[in-house]
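**Student:** Structure for the following, please:
(2 chains)
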Amino acid sequence: MMNKDYLIMNTNQANDSATLLKRWLENRNDGKSFVDYFHEYGCSSIIIFDAGEIGRLLYEEVKDSDIKVLCFYDRNAEGIREIDGIPVYTFAMVGEMTKTDMVVVSTCFNYSEVVRMLVGIDTKIRSVYMRDAVYEF
Amino acid sequence: MITNGRIIPEEFKENGIDKDYDEVFELICQNVKIPNYDGRFVHFIDENYVMDTTKGYRYENITPAYDKVINYGLSELKYDSTDSKFKESYNRVCDNLIMLAGRIVDELRVKDKSDRRIEWFENLADKPAIHFEESIQRMLFLNQIMWQTDHRLVGLGAWDSFLFEAYQKDMDSGILDRDEAVKIVEDLFRVLHYQYTFKSNVLMGDTGQIFVLGKSDENGNYICNDLTYIFIEALKNVNQPDPKCLLRINKNTPDDLIRLSLETIATGIGAPLLANDDVIIPALLDFGIDKTDACNYATSACWEPLIGGKSSSNNNRTVLNYCKALDNLLKRADLSRICNFDDLVTEYIKHLRLNLCAVKRVIQQHRFPYDPLLSVFMYGCYESEKDVSWGGACYCNTGITSVGMGNLVDSLYNIKRLVFEEKKYSLYDVKRIIITNYENENELARHLKGTPSCYGKDNPETVALVKRITTVVSEEIADFNTYLGEKMKVGLSGAAYLDAGKAFGATFDGRYAGEPFVVHISNEDNNGYTEIVNFASQMKYDKGLFNGNVLDFMVSPDFIAGNIDKFVSFIKAATLSGFFEMQMNVVSADQMIEARKNPEAFPNLIVRVWGFSSYFNDLPDEYKDVLIERALKNERRTA
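**Tutor:** Just a heads-up that it's a prediction; the model follows:
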């Protein structure tokens, strides 16, 4: 499964990302933040699946809060390497994932395939899809 | 330019920019092709010249004020002065409709100068309709222009009410007799069924053409007339899946009308759908609908109560999937903190509230296009001098449907039993099983699927659970307002049981990823129909929970044919019990299995799909399979 990470890519990425970003901007205009959302789930740490534009935007939103971003996972981890000193890993390393309160999955990924991958590692890993979460607060 | 799969005429734009509504509507009235149609009524849609409504969220599932076009000439509907853009558009609509009527007159004259319909269309300009057929023609004229301007799923309203005065006048004067009236209505049905393919929305037959018969007055008396019976008789005679019929009943509905309806249902056409005024009217009143309006309710395309001619409410804006909150819970929540069934339900409700927040935010974004035509035929707009899209109608609420309640309830009870009581699985196991789509757990899936469904059982615990969940929904929608300031309503039935199922993962009731959800309020595991009626009668329908709650029965043809009297008693008892709405699919598993194999041998087999009926052969295979499976279960058989 680790070398078939194309399976976890979202074929509807453009549409889903546009929806996510539009809704996210509405939240910003209303003074809402993902920080509050993660607090509702009792999270103090998250891992972000996506070290690209959307993942970095999420990081920017939470970085000054008490929500700690432990790492990122990205297909281009070898190119990106780190964001503000926070490591970016390839999906080949997902089996060794650090324990976290929540894995946050961006719209670059097919969420159904991602959760299937995660549950194969450990059923206790909690995850949320950003496109679902963004309109829930 | 092609929009929504249709070709939009180039003349609707100038240098690539949309012309405004008034200009486009005028072009439509000027240029739609009037076909050479031999039939009693003139009714046509030029499928290559339909308005483009992609500027906003299209007005569909609505019923215009047909009584306006019967009781007034078009010029009588106009404003005396046009001191606003809206009034100008409004009057131009009336003028252009007069122009279109004039074109029809010219076409009729070419064929036959003595055609009596010439006078009907001439009168349309400045006089009310007088005669029965003339009144029907006017309603068809309005209906066709609604389709021509891309209002899909156009409802037909309360035809036995609108037409009764003209019918009675013609009967009293000897112009009409009952047999001729039946033939006229049969021809009406045939002409409405014409261009069935164009009118069909998601599936063939899903046209939204539903007329409403019978009603209650403010004192709870039942109101029906000759036409109520004639319409149902004609429906039985033409044996088409379309148009559709909803018969409003209450505890005082005459037995012979119920009997006639059941005889019609027994033919297999799936109509009329029965709606219980004794439950629906109080729910409408609770929502804030005026009493007179509540007593005159019609319906949206399927079954969602709607104040026809006064409500621009779009009742099918999106679908609430009750299983989504459970799915989210399993993926996101700290499952170690869920120690018992009550914890599970509490956590489920938390996630349901989050889901509802998202639903409300989605709906809040929708905007409708400027629509002076609909505004002319929607009470409130003339009076307020506001277009429907500006909130001009008397009511502009919004409605959503739902799927998955049956699957959710069964999933929750399966978790209760297997996780918390028998401790055979943990919640983490349930999570894994659902996410992996029962990988290596096919035996469990079979076991769960074979477990009798709890949903629809007259069981206090199940009733309490469903009411607890729907109470949360009504709490969450209570504070919602559309951009026009109106409210939201939800129903327990929905058209999307298959499509929503296709896009959704497995559920812990033996349902694999992609399989359909439970159909409306149904349970083929029940022994007899009374149990699910009792269940439905205990549900909450106030506080906005009235947007369609349909009991859906599979009934074998032999069973109903041999037991009409018992079914009459059953309907009367069910009405007293307090069901909301009810429909019956009278078809046998054998018929459908055979038709699946040899469709040419069953060209006229009609089945009920959701709020409409369709030719079985027109349905995609997955819908056929759902019906066959339900029929087999109902007959206590396996494939």
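**Student:** what number of residues lie near whichever residue of the stretch 1-150 of chain B sits closest to chain A?
**Tutor:** The stretch 1-150 of chain B approaches chain A most closely through residue B:57 (15.8 Å), counting by Cβ to the nearest Cβ. Quick note: C-beta positions are derived from backbone N, CA and C, even for glycine. Using other Cβ atoms under 10 Å in any protein chain shown, residue B:57 has 16 other residues around it.
**Student:** So it lies in a helix, does it not?
**Tutor:** No: under DSSP: H, G, I helix; E, B strand; the rest coil, residue B:57 sits outside any helix and is assigned coil.
**Student:** Quick one: residues contacting it.
**Tutor:** B:314, B:317, B:366-369 (Cβ atoms under 8 Å, 6 or more residues apart in numbering or on different chains).
**Student:** Neighbour-wise, which one of those residues leads?
**Tutor:** Ranking the contacts of residue B:57 using other Cβ under 10 Å puts residue B:314 first, with 25 neighbours.
**Student:** That one: what's it in contact with?
**Tutor:** Here residue B:314 is in contact with B:57, B:59-62, B:368, B:398-399 (criterion: Cβ under 8 Å, 6+ apart).
**Student:** pLDDT value on it, please?
**Tutor:** Looking at residue B:314, its pLDDT is 90.
**Student:** cool, and residue A:4?
**Tutor:** Predicted confidence (pLDDT) for residue A:4: 54.
**Student:** Residue B:238: neighbour count?
**Tutor:** 17.
**Student:** Same check on residue B:471?
**Tutor:** 14.
**Student:** Next: residue B:619.
**Tutor:** Residues near residue B:619, counting by other Cβ under 10 Å: 20.
**Student:** low-scoring stretches of chain B, by residue?
**Tutor:** Where chain B drops to pLDDT under 70, the residues are B:1-6, B:638-639.
**Student:** Return the residues of it in contact with chain A.
**Tutor:** Counting by Cβ under 8 Å from any Cβ of the partner chain, chain B comes close to chain A at B:328, B:331-336, B:354-355, B:357-358, B:361-362, B:428-429, B:431-432, B:435-436, B:505.
**Student:** Which among these count as buried?
**Tutor:** Listed as buried from these are B:328, B:331-333, B:335, B:354-355, B:358, B:361, B:428, B:431-432, B:435-436, B:505; burial here means 16 or more other Cβ atoms under 10 Å in any protein chain shown.
**Student:** Out of these, list just those in strands.
**Tutor:** Counting by DSSP state E, those place none of their members in strands.
**Student:** Assign a three-state SS to residue B:320, would you?
**Tutor:** Going by three-state DSSP, the secondary structure assigned to residue B:320 is strand.
**Student:** ok, which residues in chain A are in contact with chain B?
**Tutor:** Residues of chain A lying near chain B (Cβ under 8 Å from any Cβ): A:23, A:26, A:41-42, A:102, A:112, A:115-116, A:119-120, A:123-124, A:126-128, A:132, A:135-137.
**Student:** Out of those, which sit inside strands?
**Tutor:** A:102, A:127-128.
**Student:** Turn the residues you listed into a markdown table, including neighbour count and pLDDT.
**Tutor:** Below are those laid out as a markdown table (neighbours: other Cβ atoms under 10 Å in any protein chain shown; pLDDT from 0 to 100):
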| residue | neighbour count | pLDDT |
| --- | --- | --- |
| A:102 | 23 | 98 |
| A:127 | 20 | 98 |
| A:128 | 23 | 98 |
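**Student:** could you pull out the helices for the stretch 101-250 of chain B?
**Tutor:** With DSSP state H, counting those that start in this stretch as the criterion, the stretch 101-250 of chain B has helices at B:117-123, B:132-148, B:159-162, B:164-172, B:178-193, B:196-199, B:226-238.
**Student:** Let me have the ones you listed in a markdown table, extended by distance to residue A:86.
**Tutor:** Shown next, in a markdown table, are the helices of the stretch 101-250 of chain B (distance: least, Cβ to Cβ, whole Å):
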| stretch | distance to residue A:86 |
| --- | --- |
| helix B:117-123 | 75 |
| helix B:132-148 | 58 |
| helix B:159-162 | 68 |
| helix B:164-172 | 75 |
| helix B:178-193 | 64 |
| helix B:196-199 | 57 |
| helix B:226-238 | 68 |
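**Student:** Other residues contacting stretch B:337-346?
**Tutor:** In contact with stretch B:337-346 (Cβ under 8 Å, 6+ apart) are residues B:347, B:412, B:415-416, B:420, B:427, B:465, B:468.
**Student:** Return the set of buried residues in it.
**Tutor:** B:338, B:341, B:344-345.
**Student:** and if you look at stretch B:624-639?
**Tutor:** Going by 16+ other Cβ under 10 Å, stretch B:624-639 has these buried residues: B:624-634.
**Student:** Residue 37: which element?
**Tutor:** Picking chain A for this. helix A:34-40 (DSSP states H and E).
**Student:** And that helix, what does it pack against?
**Tutor:** helix A:53-62 (3 or more Cβ pairs under 8 Å, 6 or more residues apart in numbering or on different chains; DSSP states H and E).
**Student:** got the end-to-end distance for stretch B:36-47?
**Tutor:** 15 Å (Cα to Cα, to the nearest Å).
**Student:** next one: it to chain centre, how far?
**Tutor:** 25 Å (Cα atoms, centre = their mean, to the nearest Å).
**Student:** Which of the residues in it are classified as buried?
**Tutor:** Applying 16+ other Cβ under 10 Å to stretch B:36-47 flags B:40-47 as buried.
**Student:** quick one: which of the residues you listed is nearest to residue B:498?
**Tutor:** residue B:47 (26.9 Å; Cβ to Cβ).
**Student:** Let's verify the closest one: helix, strand, or coil?
**Tutor:** Under three-state DSSP, residue B:47 comes out as coil.
**Student:** Next one: it from residue B:7, what distance?
**Tutor:** According to Cβ to Cβ, to the nearest Å, residue B:47 stands 9 Å off from residue B:7.
**Student:** measure residue B:575 to chain A for me?
**Tutor:** Distance, residue B:575 to chain A, using Cβ to the nearest Cβ, to the nearest Å: 40 Å.
**Student:** A strand includes that residue, no?
**Tutor:** No: residue state for residue B:575 (three-state DSSP) corresponds to helix; a strand is not indicated.
**Student:** ok so, going back, okay, and which of the contacts of residue B:314 map to strands?
**Tutor:** Checking the contacts of residue B:314 against DSSP E, those in strands are B:398-399.
**Student:** before we move on, back to that, and which of the ones in strands among the residues of chain A next to chain B is nearest residue A:91?
**Tutor:** Among these, and counting by Cβ to Cβ, the member closest to residue A:91 is residue A:127, at 14.1 Å.
**Student:** for the single longest helix found in chain A, packing partners?
**Tutor:** Longest helix in chain A, counting residues (DSSP state H): helix A:13-29. Helices and strands touching helix A:13-29, by 3+ Cβ pairs under 8 Å, 6+ apart, are helix A:53-62, helix A:130-133.
**Student:** hey, which of these is tucked in deepest?
**Tutor:** helix A:130-133 (a mean of 23; mean count of other Cβ atoms under 10 Å in any protein chain shown).
**Student:** Count the neighbours of the closest residue in space to residue B:115 that isn't next to it in sequence for me.
**Tutor:** Spatial nearest neighbour of residue B:115, excluding adjacent residues (Cβ to Cβ, 6 or more residues apart in numbering or on different chains): residue B:108 at 4.6 Å. Applying other Cβ under 10 Å, we find 21 residues neighbouring residue B:108.
**Student:** Residues in contact with the helix holding residue A:37: which ones?
**Tutor:** Everything outside helix A:34-40 that qualifies as a contact, by Cβ under 8 Å, 6+ apart, is A:46, A:58, A:61-62, A:65, A:67, A:101-102, A:133-134, A:136-137.
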